[in-house]
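Participant: next input, structure requested:
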Amino acid sequence: MKRCIAFCLALGAALSLTACGGGDTEGGLLCEASGIRPDTVLLSVDGRDVSAQRYLYWLAYACDYIADYYDSGEGIQWGDTVSGQSLEDYAKDQALQNAALYATVETWAEDYGCTLTDEDRTAMDREWAARAAQYGGEEAYLAVLARMGLDRAEAEAISGDYYLYEHLYDLYCTEGSELAPAEHDLETFAQEQGYLTVDHIWLSTAAVDPADAEAVAACRAKAEEAFSKLNGSADPAHDFAVLAATYSDETDRDQHPSGYTFTVGDGTLPAACEEAAQALEEGQFSGVVEADDGFYLILRKPVDLEAVAPDYFDALLQAAADSADISTTRTYADLDVSRFYDELIAARAELDASGGEVA
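Facilitator: Next comes the predicted model:
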């Protein structure tokens, strides 16, 4: 989860209060599409004002997502429902939640004394240069950002938010700090969320034709051979890793020295392996488990709390955002999502036609 929130902040973080410039509506596509002054306050999160420019970025992000997944080719039907909400309400609510999360990161950074360092700014400059090179030069990169309602200052604000998040996480990982979890909090969280840690030996059938019964049987026989050796071991926990080095088709075992930590359904392992892991006690190993991508042996290990720690931090941050005191303005209430997005699409088309030159 930590990587998810960090990615969200890095790609979709709200912009600084001065991002659109002065007090008019000609500060970028988002302000142009909405007709709202960029510095207009649309909501506050625990007393922290969220500007129109800041919220509208999130709203455009949500609308683009809806367009990708819910537009059947005849335009978005904003009255259709998802998760019990109309698509219009869903977009507005998703933008609100993201704005609240961002505001919480910013508030936490202030509360815990986290600021951007010289090293951060140097890294941000390198990041900017790399992105510009990726798109064929700074001018081309700025044109890409313009379609998103961003300029360089706004993009750097996004990058700055990511670094603040990282500083908060580092503080959380510092024993004795104000953000460090209390004793047993991680264990309690891991138990409540159902985390499991396992090691596994995987015999892949990716290169085997499912219709080739002989080849499938050979793969199974290899897994059974590994199981037989493990079953006769005096120290299965040690020998499991030794056998994995010999039998397993994994190519990234060195990236998982403590095993694989997951929750059921998160996609880390096939469902058959999840079921087998749940049936084991710590230190026990399974028989041969058949899955769609091959055969597995599973070793249940103590939960790796270091792997759980990032998720617990994100849960704390998300809980703070979810419980924040949020108040919205009349301008926010009157914001017409479908009209805003239609105007945004038109503004993007005009920008594209002009060769990326912002009016």
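
Participant: would you map the strands across the stretch 201-350 of the chain?
Facilitator: 260-262, 289-291, 294-301, 326-328 (DSSP state E, counting those that start in this stretch).

Participant: next secondary structure after the helix or strand hosting residue 144?
Facilitator: Taking DSSP states H and E as the definition, residue 144 sits inside helix 138-147. Scanning forward in sequence from helix 138-147 by DSSP H and E, the next helix or strand is helix 152-172.

Participant: hey, C-alpha coordinates of that following helix in PDB?
Facilitator: What follows is helix 152-172 as a C-alpha-only set of coordinates in PDB (Å, rounded to 0.1, in the frame of the first residue of the first chain):
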ATOM      1  CA  ARG A 152       6.900  23.100 -14.500                       C
ATOM      2  CA  ALA A 153       6.200  24.700 -11.100                       C
ATOM      3  CA  GLU A 154       3.200  22.600 -10.600                       C
ATOM      4  CA  ALA A 155       5.000  19.400 -11.600                       C
ATOM      5  CA  GLU A 156       7.800  20.200  -9.200                       C
ATOM      6  CA  ALA A 157       5.200  20.700  -6.500                       C
ATOM      7  CA  ILE A 158       3.900  17.200  -7.200                       C
ATOM      8  CA  SER A 159       7.400  15.900  -6.900                       C
ATOM      9  CA  GLY A 160       7.900  17.800  -3.600                       C
ATOM     10  CA  ASP A 161       4.800  16.200  -2.200                       C
ATOM     11  CA  TYR A 162       6.300  12.800  -2.800                       C
ATOM     12  CA  TYR A 163       9.500  13.700  -1.000                       C
ATOM     13  CA  LEU A 164       7.500  15.000   2.000                       C
ATOM     14  CA  TYR A 165       5.700  11.700   2.100                       C
ATOM     15  CA  GLU A 166       9.000   9.800   2.100                       C
ATOM     16  CA  HIS A 167      10.300  11.900   5.000                       C
ATOM     17  CA  LEU A 168       7.200  11.200   7.000                       C
ATOM     18  CA  TYR A 169       7.700   7.500   6.400                       C
ATOM     19  CA  ASP A 170      11.400   7.700   7.400                       C
ATOM     20  CA  LEU A 171      10.300   9.400  10.600                       C
ATOM     21  CA  TYR A 172       7.700   6.600  11.200                       C
END
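
Participant: tell me which other helices or strands that helix touches.
Facilitator: helix 2-12, helix 87-111, helix 118-134, helix 138-147, helix 305-322 (3 or more C-beta pairs under 8 Å, 6 or more residues apart in numbering; DSSP states H and E). Quick note: C-beta positions are derived from backbone N, CA and C, even for glycine.

Participant: what is the rounded mean pLDDT of it?
Facilitator: Helix 152-172 carries an average pLDDT of 88.

Participant: tell me the buried residues in it?
Facilitator: 154-165, 167-169, 171-172 (16 or more other C-beta atoms under 10 Å).

Participant: again with stretch 255-262
Facilitator: So for stretch 255-262, counting by 16+ other C-beta under 10 Å, buried means 259-262.

Participant: farthest-separated two in the residues you listed?
Facilitator: The distance between the two most remote of the buried residues of stretch 255-262 (C-beta to C-beta) is 9.7 Å, for 259 and 262.

Participant: intersection of neighbour lists for these two?
Facilitator: The contact sets of residue 259 and residue 262 overlap at 197-198 (C-beta atoms under 8 Å, 6 or more residues apart in numbering).

Participant: which among the strands of the stretch 201-350 of the chain is found nearest to residue 317?
Facilitator: strand 326-328 (15.7 Å).

Participant: that closest one: how far from the chain's middle?
Facilitator: Relative to the chain's own centre, strand 326-328 is displaced by 25 Å; criterion: C-alpha atoms, centre = their mean, to the nearest Å.

Participant: that strand pairs with which strands?
Facilitator: On the basis of DSSP bridges, the sheet neighbours of strand 326-328 come out as strand 41-45 (antiparallel).

Participant: tell me which helix or strand comes right after the partner strand.
Facilitator: strand 48-51.

Participant: before we move on, the earlier item: nearest to residue 148, of the buried residues of stretch 255-262?
Facilitator: Nearest to residue 148 among the buried residues of stretch 255-262, with distances taken as C-beta to C-beta, is residue 262, at 33.6 Å.

Participant: who does that closest one form a beta bridge with?
Facilitator: Under DSSP bridges, the beta-bridge partners of residue 262 are residue 196.

Participant: does it touch residue 271 like I think?
Facilitator: No. In this structure, residue 262 is not within contact of residue 271 by C-beta atoms under 8 Å, at 11.8 Å.

Participant: distance check, the closest residue to residue 47 other than its chain neighbours against residue 291.
Facilitator: Nearest residue to residue 47, sequence neighbours excluded (C-beta to C-beta, 6 or more residues apart in numbering): residue 325, at 7.5 Å. Separation of residue 325 from residue 291 (C-beta to C-beta, to the nearest Å): 47 Å.

Participant: what about those two, which has more around it?
Facilitator: Neighbour tally, residue 325 and residue 291, criterion other C-beta atoms under 10 Å: the higher count belongs to residue 291, 16 against 9.

Participant: quick one: residues contacting the more buried one.
Facilitator: Contacts here follow C-beta under 8 Å, 6+ apart; on that basis residue 291 touches 270-273.

Participant: next SSE after the lowest-mean-pLDDT helix or strand in the chain?
Facilitator: Here the helix or strand of the chain ranked lowest by mean pLDDT, DSSP states H and E is helix 2-12, holding a mean of 48. Per DSSP H and E, the first helix or strand lying C-terminal to helix 2-12 is helix 29-34.
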